[in-house]
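K.L.:
coords please:
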Amino acid sequence: MNLFARSLGGVASDWAAFKFGMRGRLWSLWILQTAEGFISVVMGRVHNNLGMPIFFMVVFSLFVQMSEGASFGSVPFLSKRTLGVCSGFIGAGGNAGGAIMMTAFFKSDKYETYDGISLMGVCIIACTLVVVTIHFPQWGSMFFPANEHATEQDY
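P.N.:
Modelled structure (predicted):
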């Protein structure tokens, strides 16, 4: 799943960039990650039937990996001078998020497991809102065009 789906997320990011530039890359990341969050919410709500949570777990896994591929599709554009550091932070961010979610929703008896899964989805959606604030001066953002005089050298 990891090799197939992560590559699929990278392909989606590259296709969106080919059609719409950086705006497309950011939109593809936002769409995939928001879908991941919604699927997690739904997965937590369909706990009365064994087949449905398993189905949504597979679909959730698909979107998690696709989101990772789309995330790494944007990495080369963050900063040429600090590409390794940016890659490390992005890679470690997923691990940190997993540890935080595990501690917040699954370590104690405060939440049932299915409620924790749904709340994790809400947190994923909330964290994905950060993508809206990303603006590359030379390429633009989800809603705003690039600055006319900005170059890669300035950034």
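K.L.:
From the contact counts, what lies against the lowest-mean-pLDDT helix or strand in the chain?
P.N.:
Ranking every helix and strand in the chain by mean pLDDT, DSSP states H and E puts helix 83-101 at the bottom, with a mean of 83. Identification of packing neighbours for helix 83-101 by 3 or more Cβ pairs under 8 Å, 6 or more residues apart in numbering; DSSP states H and E yields helix 51-74, helix 113-128. Bear in mind the C-beta positions are built from the backbone N, C-alpha and C, glycine included.
K.L.:
looking at the ones you listed, which is closest to Arg45?
P.N.:
helix 113-128 (6.0 Å; Cβ to Cβ).
K.L.:
can I have that closest one written out in CSV, keeping just the CAs?
P.N.:
Taking C-alpha atoms only, helix 113-128 is exported to CSV below (Å, rounded to 0.1, in the frame of the first residue of the first chain):
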residue,chain,number,x,y,z
THR,A,113,-11.6,3.9,20.5
TYR,A,114,-14.2,4.8,17.8
ASP,A,115,-14.6,8.3,19.3
GLY,A,116,-10.8,8.7,19.3
ILE,A,117,-10.7,7.7,15.6
SER,A,118,-13.3,10.4,14.7
LEU,A,119,-11.6,13.0,16.8
MET,A,120,-8.3,12.2,15.2
GLY,A,121,-10.1,12.9,11.8
VAL,A,122,-11.2,16.3,13.1
CYS,A,123,-7.6,17.1,14.1
ILE,A,124,-6.4,16.1,10.7
ILE,A,125,-8.9,18.4,9.0
ALA,A,126,-7.9,21.2,11.4
CYS,A,127,-4.2,20.7,10.8
THR,A,128,-4.8,20.7,7.0
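K.L.:
Other residues contacting that helix?
P.N.:
Applying Cβ atoms under 8 Å, 6 or more residues apart in numbering, the external contacts of helix 113-128 come out as 30, 33-34, 36-45, 47, 53, 97, 101, 104-106, 111.
K.L.:
that older thread, relative to helix 51-74, how tilted is the least confident helix or strand of the chain?
P.N.:
Computed by axes from the mean of the first three to the mean of the last three Cα atoms, to 10 degrees, the angle separating helix 83-101 from helix 51-74 equals 160 degrees.
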